[in-house]
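>>> here is a sequence together with a model predicted from it:
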Amino acid sequence: MIISTKVVNNLILNLQHIGLSEYEARAYTALLDKNPATGYEVAKASGIPTSKIYEVLSRLSEKNIVSSTSEEGTKKYIPIDTTELIESRQKKLNATFKALNHDLKKSSLQKRSSQIWNISDYDYVMDKAERMILAAQHTLLVSAWKDEIVFIEDFLKTAEIKGVRIGIIHFGKPRIQIGKVYQHSIEESIYAEKGGRGIVIVADSEEVLMAFIEKDSSVQGSWSRNRGYVSIAEDYIKHDIYFMKIAHRFAPFLREKFGSRYEQLRDIFGDTVTSKNI
């Protein structure tokens, strides 16, 4: 079977993610393609220098990822079954994470972080959003556009089933019915004004994720447990909700006084007063 270079490269990368070095991942992948194989054959197939291959195979043997056999006096190597590799690694990692979590909770080293961590990768932003939503115990405040709402919708449903109270500012026409959803009525003006869209999530009044996604899909974001940072983000969403409640109830009056897109209301450097809008 011919396997594409992309598949092989992804396999090698994912093997590194579960603790193998690059050379170990290359050797194991080469053995999956052809086994049993001599050290020289593995080196040739994997691109690992022959001066390093036996050291690499020895480490894989110590990790019970490959075994060896002898054929006509020649030592050859066989890879562990892929299912066995995954199940054994998963069991070991789960045990490690469980022990680490236990030790960290008991450790005096664990303190509330006041740092603000910068994020510039969209996938990481959405992965962090998922983990925050699923870990929330009491409340979630969310301000997001439909592009991101679609991604986190199922996680929000899971949180709601768990009993988490949810308030959402939705930029765009909402199609979800989770918690209490407030449609932001001037999303097009804001997108044009800012040149992009944003997402803000505050979980349990303890942590906040913020990100701005520009039109070219580049990201400027951050995550923090800093109390001041969390408080500002929480107040930002709450005040948007306060305004949406007012706007939905008194829209005709507000448009008459402040313009059809609330232009005068949004003019923070002026407060135009005329006989019409007094």
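Thanks, I have the structure now. Residues are numbered from 1 along each chain as shown.
>>> and the pLDDT for the most centrally placed residue in the chain?
Nearest residue to the geometric centre of the chain (Cα atoms, centre = their mean): D127, 1.3 Å. pLDDT, D127: 94.
>>> got the phi and psi for it?
Main-chain dihedrals, D127, degrees, to the nearest 10: phi -70, psi -40.
>>> what about the helices in the stretch 101-250 of the chain?
In the stretch 101-250 of the chain, helices defined by DSSP state H, counting those that start in this stretch lie at 122-135, 146-161, 187-194, 227-258, listed in chain order.
>>> just the buried positions in the first one, please.
It stands for helix 122-135. Under the neighbour-count criterion of 16 or more other Cβ atoms under 10 Å, helix 122-135 has V125, M126, K128, A129, M132, I133 buried. The way it works is simple: take the backbone N, C-alpha and C, and place the C-beta from them, glycine included.
>>> contacts for it?
119, 140, 148, 151-152, 155-156, 158-159, 199, 201, 203, 207, 209, 211, 213, 217, 219, 221, 223 (Cβ atoms under 8 Å, 6 or more residues apart in numbering).
>>> just the buried members of these?
119, 140, 148, 152, 155-156, 159, 199, 201, 203, 207, 209, 211, 213, 219, 221, 223.
>>> buried ones in stretch 244-255?
M244, A247, L254, R255.
>>> pull the number of nearby residues for Y23.
21 (other Cβ atoms under 10 Å).
>>> for it, give me its contacts.
Contacts for Y23 (Cβ under 8 Å, 6+ apart) come out as S46, I48, K52, V56.
>>> now the strand or helix carrying it, how far from the chain's geometric center?
Y23 belongs to helix 22-33 when assigned by DSSP states H and E. Distance of helix 22-33 from its chain centroid, counting by Cα atoms, centre = their mean, to the nearest Å, is 29 Å.
>>> do stretch 220-239 as well
Going by Cα atoms, centre = their mean, where stretch 220-239 is centred and where its chain is centred differ by 18 Å.
>>> and for stretch 135-149?
When C-alpha coordinates are averaged (Cα atoms, centre = their mean), stretch 135-149 and its chain have centres 13 Å apart.
>>> and it, which residues are buried?
Buried, per 16+ other Cβ under 10 Å, within stretch 135-149: A136, T139, L140, L141, V142, S143, A144, W145, K146, E148, I149.
>>> what of stretch 156-170?
Quick answer for stretch 156-170 (16+ other Cβ under 10 Å): L156, K157, A159, E160, V164, I166, G167, I168, I169, H170.
>>> mean confidence for it?
According to the model, stretch 156-170 has a mean pLDDT of 95.
>>> excluding chain neighbours, what is closest to G198?
F212 (4.9 Å; Cβ to Cβ, 6 or more residues apart in numbering).
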